[in-house]
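# Take this sequence and fold it.
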Amino acid sequence: MSKVYGSVRSGVELESGLRSIADSGFKEKCGCFVFGKFLDIETNAEVGEFQDRTGYECFINSINIDDYVDEGMLEQGIAFVKRVFLQWSRLHSGLVLAAIMIFDELGLKTKFHVLRDGERWLSDDLEGYEESILVVDSSEPGF
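Predicted coordinates:
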């Protein structure tokens, strides 16, 4: 995926629905951080039903970029992650937020979670996945 990322053009205007999600920031719920826009969505998912808080956050903070755009999914996904990181850094400078971008034949999905000791959503072997996966975090300069 890093080869694909290198070919993405910068300066893309973020789609308004994605911008709205990013700009809603994060709210804390049961020790987890959830997009503010998602707090009011009815779900029967509870933190205790997941292996850990990271799993819950990845479940709730999951956005299908292809639900918002038909073309330029990767550019929109990267612009979305950058905007989320910008909002995150303004309010949660002591915590690091991770973004997982999963690109397959169906589209692009992004997931967000706080980095925590002893918790992982993905395996260490990213090459073992069929999908293209990019993982970045809010502490990485330039992203």
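
# okay, CA-based contacts and neighbour counts for the rest of this
OK.

# how about stretch 42-61: buried residues?
For stretch 42-61, a neighbour-count test (16 or more other CA atoms under 10 Å) marks 47, 52-61 as buried.

# same question, stretch 91-108
96-103, 108.

# Serialize those residues to CSV and add fields for secondary structure, pLDDT and distance to residue 141.
CSV is the format used below for the buried residues of stretch 91-108 (DSSP: H, G, I helix; E, B strand; the rest coil; pLDDT from 0 to 100; distance: CA to CA, whole Å):
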residue, secondary structure, pLDDT, distance to residue 141
96, coil, 94, 12
97, strand, 95, 13
98, strand, 94, 13
99, strand, 95, 14
100, strand, 91, 17
101, strand, 92, 18
102, strand, 89, 21
103, strand, 88, 23
108, strand, 95, 23
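
# Tabulate those in CSV, adding columns for distance to residue 76.
Output for the buried residues of stretch 91-108, formatted as CSV (distance: CA to CA, whole Å):
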residue, distance to residue 76
96, 22
97, 19
98, 17
99, 14
100, 14
101, 11
102, 13
103, 12
108, 10
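
# Show me where this protein has its helices.
2-6, 16-23, 53-60, 73-91 (DSSP state H).

# on contacts alone, who are the packing partners of the third one?
So the one you mean is helix 53-60. Identification of packing neighbours for helix 53-60 by 3 or more CA pairs under 8 Å, 6 or more residues apart in numbering; DSSP states H and E yields strand 32-35, strand 107-114.

# Okay then, goodbye and thanks.
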